[in-house]
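Asks: quick one, what's the 3D model for this:
(chains A and B)
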Amino acid sequence: MPDFYGQISVFLERLARIAPELGLATLETLYMVGLATFFSLLAGSALAVLLILTGPGGLRPMPRLYRVLDAAVNLGRSFPFIILLIAILPLTRLIAGTTIGSTASIVPLTIAAVPFVGRLMEGCLLEVDAGVIEAARSFGAGNARIIFRVLFPEALPPIILNAAVTAITLLGYSAMAGAVGGGGLGDLAIRYGYNRFQMDVMAYAVVILVVLVQIMQSACNFLYKKLR
Amino acid sequence: MIQVNGLCKKFGAHFVLRDITLRVEKGEIFGIVGHSGAGKSTLLRCLNGLETYSGGSVRVMGREVGSLGQKEMLNLRRRMGMIFQTFNLMERRNVFENVAFPLEVWRVPKERARERVEDLLKLVGLEGKSSVRPGNLSGGQKQRVGIARALALRPDILLCDEPTSALDPHTTASILDLLQDINERFSLTIVLVTHQMEVVKRMCGRTLLLDGGLPQGTGETSSLFLAPPEHLRRLIQEEYALLSGGVNIRLVFGSPVPDASPGAAAGPLRANSGKAPGSSSGIISAMARDLDLDFSIVGGRLERYGNDILGFLIINVEAEEAGSVLEYLRVRNVSRQIVERPAPGGGADA
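Replies: Alright, predicted model coming up:
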């Protein structure tokens, strides 16, 4: 019996010692993933608008530009993240001033996500009924109005779902960014669990990641139902 | 209002529209009718520049549509409302917001827009539905929202693309009544595209028949349908199992065929004149007595054309008696026409 209490007290002691680091790592992860999601949604939306404007049957078809954009998106998506991360180090230094830390890792995270988000958003916007677009054209709405007053508002529910997909994907990527000095939960899990064999720390980090994913997905599902 | 001359549209080497000429006057309801794929929706979209054309001229309210710049095009569309077979409402906006959308696009001040939308919803009979989403409306109600939206900017012309094709007969009638009412009240010019012959007969003073992108006939709807030229009969679904012997003669009540003299007995029969069309068809029994002949009735029909009820009757007589029958009808100024049997293999499947 005393042995049992002893185990519990050891457990709590270790948890208390690691808790501040876990908390910090969680905040770092939220910071990286939050900002990278935000920036990639912005840039990805812009890319998606270009794709649907210039694409076949678009509001302003430009087949050549579309082919270039299309190929660039595929190229961007085919890079393994860990390679991209290293390949764009100079760019990261240029933008963030450093290549180490959570702020710096926002750069590769965003760049990796933009083509991905662009494709997802393109799909959402293409789902908007062509008849609705035609109706808007028929009473004299210009392209800008159609994009911002018809396409995005009508496609909002699926866009929300895809924001969750993006955030969760970036959460996974952030562990890799952590491995090269980005900080965050993934970094913590690797440093303690993999390098120092402290399996309990790795387990805590993974549990927090699981909980974060659940929260993000549920929140977006809730919003989706509400907005539909 | 609208003047189309020699309009052509090509996809590659294939003509979608060919040699279309039509003229729509202010305040009339003009019909464009044909089967699916006849090019009628494409023709309609050439009128407001949603489709481009490869040849000919489309003048709407004095302006050549094909040569308008971006801004002028939007201004022209502002003056032309459009409604659709599939309604094309925005699912995430409620009824009020859907009707208000064109006003939003043209930056009409909020307060004025609100009044306008309320008036429109009253006009189409949807007061109290303001905050309902289109998904919770019936087809007829959706089309009413579409009509209100199309009228929001007080257009001069309303383009209707198969407005009742997705509706049941009862709802169709109520939507047509609404369109007619709007046409009369605001002397709004309406161009109506449909494959439903009965819609054209009821609504349109004049009609263009389209098949395979080619104009097949144009003119007064009643004469087009009551005494169709030979080549149009299949197109307008006027087929009867004609008897193989004898001669089939079509008598038209109420609509002049080209050779009938004006002011003839066969003048239009007012629906509310209290005079049954039958009194005109009394000519049939009188003829049977006078000429002492027997005949068979092949078919016939009375229909409403706008406010008139008009009709025709096809009878079959022995070949040797045809001459005297035609003469008898000619003397009495009854519009008549010999109906040829379709060539064998030409396929009367009716």
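Asks: pull the longest helix from chain B.
Replies: helix B:169-186 (DSSP state H).
Asks: quick one: low-confidence ranges for the chain?
Replies: All of this refers to chain A. A:1-2 (pLDDT under 70).
Asks: switch to chain B, that's the one I care about
Replies: B:230-231, B:233-241, B:254-281, B:341-350.
Asks: can you tell me the SS state at residue 158?
Replies: Since no chain was named, I'll use chain A. helix (DSSP: H, G, I helix; E, B strand; the rest coil).
Asks: oops, I was thinking of chain B
Replies: strand.
Asks: isn't it up against B:Ala150?
Replies: Yes. Judged on CB atoms under 8 Å, B:Leu158 makes contact with B:Ala150 at a distance of 6.0 Å. The C-beta positions use only the backbone N, C-alpha and C, and glycine is treated the same way.
Asks: sorry, back to before: check which helices and strands whichever helix or strand comes after the longest helix of chain B is in contact with.
Replies: Toward the C-terminal end, the helix or strand that comes next after helix B:169-186 (DSSP states H and E) is strand B:189-194. Contacts defined by 3 or more CB pairs under 8 Å, 6 or more residues apart in numbering or on different chains; DSSP states H and E place strand B:189-194 against strand B:29-33, helix B:40-47, strand B:157-161, helix B:169-186, helix B:197-203.
Asks: any idea which helix or strand carries B:Val132?
Replies: Per DSSP H and E, there is no helix or strand for B:Val132.
Asks: my read is that it contacts B:Asn94, right?
Replies: Yes. Using CB under 8 Å, B:Val132 is in contact with B:Asn94, at 6.0 Å.
Asks: near chain B, which residues of chain A are found?
Replies: Contact residues (CB under 8 Å from any CB of the partner chain) of chain A with chain B: A:129, A:131-132, A:134-142, A:145, A:149-150, A:153-154, A:156-157, A:227-228.
Asks: run the angle between the helix or strand hosting B:Asp19 and strand B:29-33 for me.
Replies: If you go by DSSP H and E, B:Asp19 is part of strand B:14-24. Following axes from the mean of the first three to the mean of the last three CA atoms, to 10 degrees, one obtains 160 degrees for the angle between strand B:14-24 and strand B:29-33.
Asks: touching strand B:14-24 from outside, list them.
Replies: B:1-10, B:30, B:39, B:42-43, B:46, B:53, B:56, B:189, B:191, B:208, B:210, B:213-215, B:218 (CB atoms under 8 Å, 6 or more residues apart in numbering or on different chains).
Asks: just say which of the helices and strands packed on strand B:189-194 is most tucked in.
Replies: strand B:29-33 (a mean of 27; mean count of other CB atoms under 10 Å in any protein chain shown).
Asks: have a look at chain A and report its longest helix.
Replies: Per DSSP H, chain A has its longest helix at helix A:2-54.
Asks: how about the helices and strands packed on strand B:189-194 in CSV, adding distance to A:Asp187?
Replies: CSV is the format used below for the helices and strands packed on strand B:189-194 (distance: least, CB to CB, whole Å):
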stretch, distance to A:Asp187
strand B:29-33, 68
helix B:40-47, 58
strand B:157-161, 60
helix B:169-186, 64
helix B:197-203, 70
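Asks: turn those into a markdown table, including distance to chain A.
Replies: Formatted as a markdown table, the helices and strands packed on strand B:189-194 follow (distance: least, CB to the nearest CB, whole Å):
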| stretch | distance to chain A |
| --- | --- |
| strand B:29-33 | 17 |
| helix B:40-47 | 8 |
| strand B:157-161 | 8 |
| helix B:169-186 | 16 |
| helix B:197-203 | 20 |
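Asks: nearest to B:Leu123, out of the ones you listed?
Replies: With CB to CB as the criterion, B:Leu123 lies closest to helix B:169-186 of the helices and strands packed on strand B:189-194, at 7.5 Å.
Asks: circling back to that earlier point, neighbour count winner among B:Val132 and B:Asn94?
Replies: Neighbour count, other CB atoms under 10 Å in any protein chain shown: between B:Val132 and B:Asn94, B:Asn94 has more, with 18 against 15.
Asks: distance of the more buried one from chain A?
Replies: 12 Å (CB to the nearest CB, to the nearest Å).
Asks: counting neighbours, what do you get for the closest residue to B:Arg336 other than its chain neighbours?
Replies: Once flanking residues are discounted, B:Arg336 sits nearest to B:Leu329: 4.6 Å by CB to CB, 6 or more residues apart in numbering or on different chains. By other CB under 10 Å, the residues close to B:Leu329 number 18.
Asks: same check on the one 10 residues further on?
Replies: Counted with other CB under 10 Å, residues neighbouring B:Val339 total 21.
Asks: nearest spatial neighbour of it, skipping sequence neighbours?
Replies: In space, B:Val339 comes closest to B:Asn248 once its chain neighbours are excluded; the distance is 4.2 Å by CB to CB, 6+ apart.
Asks: mind giving me the packing neighbours of the helix or strand containing the one you found?
Replies: Per DSSP H and E: B:Asn248 is located in strand B:247-253. In this structure, strand B:247-253 makes packing contacts with helix B:277-291, strand B:308-317, helix B:319-331, strand B:335-339, judged by 3+ CB pairs under 8 Å, 6+ apart.
Asks: nearest to B:Ala100, of those?
Replies: Using CB to CB, the helices and strands packed on strand B:247-253 put strand B:308-317 closest to B:Ala100, at 39.4 Å.
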